[in-house]
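whatever this is, show me its structure:
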Amino acid sequence: MNNALVIGSGVMGSGIAQLLSINKIKTIITDSSIDNLKKSKEKVLLNLDSLLKKSIITKNQKAESIKNIDFIKTLDQEINQVDFVIEAANENFDTKKKIFKMLEKKISANCVLATNTSSISISEIASELKFPERFIGMHFFNPATIMKLVEIVKGRETNMETTDKIIKLTKRLGKIGVISKDSPGFISNRILMPMINEAIETLRGNVAEVDEIDSVMRLGMAHPMGPLKLADLIGLDVCMSILEVLRDGFNDKKYDPSPLLIKMVNEGKLGRKTRQGFYKYNKTK
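I've put the predicted structure just below:
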């Protein structure tokens, strides 16, 4: 696979596009918002500078990445040459299903369709596609250029050819792929989100302050980052959406989002991306 399309220019979409382009894959990133695309381009350039300063990439890789990536609002003929599509839009079932039904009418017969969903059923998204056998979950972690893991999630109809292509692409990108069954939250978020939710409930119950909660998990449990800081990094709105998927998927109220989490999301305190969550962030973070 040498020509990719990334749908969605948020944190994950931008990171995935950057990763693909660094690895010599011609990449188009698209979004319905021109403003989002402009922000994505700025973000990618800043991240490339940061990776270069940390010696994670070379000058040649930076130049190659810039050359290989295009930011496009309207998809016309460009999509005909694409052999791999990954969607990184909002964690919303209806949005994702609508995107893939549109894409299926435009892409070539050999193109693989993937979603970066972190919790929504692959089989359910693919349920109305004409060719569900070429649809698969490919869940990257933030930041996509740094984190080594990719969760590969097969739907009921996903065939071995599609799975093999994604396993090979994962290795080409320097990542380690872990295969998960198509179950709500897959492996990572079925374990992670209840922990984050319980950390928020611990704060809401006045058991300890933010720093104390995160320190216990960092210093006592050897986690590189505390759960509340990690929630800020993921996005509190994303955490809430995943918990709702878990609750509805398992029909179990133990996954109900904490009232404090719901309150913060309603107030627009979404973590790093809004510069306020459980911590406050300045513009450079």
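
from here on, just use CA atoms for contacts and neighbour counts.
OK.

isn't Met193 right up against Val245?
No - the pair Met193 and Val245 does not pass the contact test of Cα atoms under 8 Å, sitting 10.8 Å apart.

and the end-to-end length of stretch 249-268?
26 Å (Cα to Cα, to the nearest Å).

can you start the count at 10 instead of 1 from here on
Got it, first residue is 10 now, which makes that one stretch 258-277.

ok, now how distant is the closest residue to Pro152 other than its chain neighbours from Leu212?
Leaving out its chain neighbours, the residue that sits closest to Pro152 by Cα to Cα, 6 or more residues apart in numbering is Gly24, at 6.5 Å. Shown here: Gly24 relative to Leu212, a distance of 31 Å by Cα to Cα.

more neighbours: the two, which one.
More neighbours surround Gly24 than the other of Gly24 and Leu212, with 23 against 18 (other Cα atoms under 10 Å).

do I have it right that the more buried one meets Ala153?
Yes - with contact defined as Cα under 8 Å, Gly24 reaches Ala153; the gap is 5.2 Å.

what about the residue nearest to Pro152, helix or strand, and which?
When elements are assigned from DSSP states H and E, Gly24 belongs to helix 20-31.

for that helix, packing partners?
Using 3 or more Cα pairs under 8 Å, 6 or more residues apart in numbering; DSSP states H and E, the elements in contact with helix 20-31 are strand 12-16, strand 35-39, helix 43-62, helix 68-77, strand 78-81.

could you give the angle of that helix to strand 35-39?
160 degrees (axes from the mean of the first three to the mean of the last three Cα atoms, to 10 degrees).

domain parsing of the chain, as residue ranges.
Here the domain assignment for the chain is 12-189, 199-283, based on automatic domain parsing.

which residue ranges of the protein form helices?
Taking DSSP state H, the helices of the chain run over residues 20-31, 43-62, 68-77, 102-113, 131-134, 169-181, 197-213, 219-224, 236-243, 245-259, 268-275.

how about a markdown table for the helices and strands packed on helix 20-31, with distance to Asp241 added?
Shown next, in a markdown table, are these (distance: least, Cα to Cα, whole Å):
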| stretch | distance to Asp241 |
| --- | --- |
| strand 12-16 | 23 |
| strand 35-39 | 25 |
| helix 43-62 | 18 |
| helix 68-77 | 28 |
| strand 78-81 | 27 |
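
good, we can wrap up now.
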